[in-house]
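Participant: how would this look folded up:
(one chain, ligands or ions: 1)
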Amino acid sequence: MYNLGFNRMAKPWLHPDIIYNILPDKKRHDDIVLHLNSFIKQCIIESWQRRKLSVKKDHNFVPVIDKLGEYIENNQNQINSEDFMNHLMTLFTAAFDTITIISSFAVLCFGMYPEYQKKAVEEIREIIGENTPPVTISDINKLTYLSMCIKDVLRLFPIAPYILRQTQEDYQLDKWVIPKEAAIVVGIFEVHRDKAYWKCPDHFFPDHFLPSAVKK
Ligand code: HEM
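Facilitator: As a prediction, the model looks like this:
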């Protein structure tokens, strides 16, 4: 779906529905939507079964879909089932690929720059140790160097290299006026690699996020 979407975004001649709808991509698009919808429906059924049938649990973990399902059952006038499905789809697509890709890039950066990996590992050993009970949020908050590393990974490989916005009113930007309802592309990738802001724009360099550098 991402491939189809980005391909269409990058090729203006695929934008009008009248053209897109007669191409094989549209058929693939519809098949994927169908598949995703049945996946989300299946997740809702499984969530219902977990909550209503006494499924034996060996842990206290409650999936977010179960919490949302319960909330919606108790507040039925607030959201209809179609919106609920759409929100679940947003959550699923927003959550799964992002974490996978950013984790992979973090591992790649540590592999390419072992000196920073060493520092991050030392910090983890110092704060969490080798064999401890489950890691807590308070432990995680103390991992300041690891946090700097992850921020620099997000800088180098922004998951959304470009985001879209629409102006609500005329907006004066220097000598230009961006008119109301204009479509704006925010070039996050370019800003993240701009020599004006970053000491080593094309390298993994966690010191970009030292408190003193951030302050500047
Ligand atoms: C490394 C991990 C992640 C990164 C880098 C990331 C990045 C982003 C970015 C840049 C946006 C804004 C897009 C825009 O403004 O146009 C966004 C939106 C969002 N993200 Fe994440 N995200 C991550 C993980 C997650 C996770 C784990 C969840 C949910 C559990 C999540 C849920 C959302 C939701 C619900 C939106 C709003 C989507 C919408 O309104 O269309 N994200 N994320």
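Participant: from His192, how far off is the closest residue to Gly187 other than its chain neighbours?
Facilitator: Once flanking residues are discounted, Gly187 sits nearest to Tyr162: 6.1 Å by Cβ to Cβ, 6 or more residues apart in numbering. C-beta here means a position set from N, CA and C on the backbone, and glycine is covered the same way. As judged by Cβ to Cβ, to the nearest Å, Tyr162 and His192 stand 11 Å apart.
Participant: so the residue nearest to Gly187 is in contact with Val186, correct?
Facilitator: Yes. Between Tyr162 and Val186 there is a contact under Cβ atoms under 8 Å: 6.6 Å.
Participant: where along this structure do the strands fall?
Facilitator: Counting by DSSP state E, the chain has these strands, from start to end: 163-166, 171-173, 176-178, 183-186.
Participant: using TSV, lay out those strands together with mean pLDDT and distance to the ligand.
Facilitator: Below are the strands of the chain laid out as TSV (pLDDT from 0 to 100; distance: least, Cβ to the nearest ligand atom, whole Å):
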stretch	mean pLDDT	distance to the ligand
strand 163-166	93	4
strand 171-173	93	18
strand 176-178	95	18
strand 183-186	92	8
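Participant: closest one to Leu143 among the ones you listed?
Facilitator: Closest approach to Leu143 among the strands of the chain (Cβ to Cβ): strand 163-166, 27.9 Å.
Participant: ok, back up a step: mind checking which of the strands of the chain is nearest Arg51?
Facilitator: That would be strand 163-166 among the strands of the chain, by Cβ to Cβ, at 35.6 Å.
Participant: what residues does the protein have near the ligand?
Facilitator: Counting by Cβ under 6 Å from any ligand atom, the residues of the chain close to the ligand are Thr90, Leu91, Ala94, Ala95, Thr98, Ile99, Ile102, Leu154, Ile159, Ala160, Ile163.
Participant: count of neighbours near the residue nearest to Gly187?
Facilitator: 12 (other Cβ atoms under 10 Å).
Participant: same check, this time on the one 5 residues further on
Facilitator: The local packing of Thr167 (other Cβ under 10 Å) involves 14 other residues.
Participant: just checking, Ile150 touches Phe105?
Facilitator: No. Ile150 lies out of contact with Phe105 (Cβ under 8 Å); the separation is 9.7 Å.
Participant: which helix is the longest one in the chain?
Facilitator: The longest helix of the chain (DSSP state H) is helix 81-112.
Participant: how about that helix: buried residues?
Facilitator: Phe84, Met85, Leu88, Ile102, Phe105, Ala106, Cys109, Phe110 (16 or more other Cβ atoms under 10 Å).
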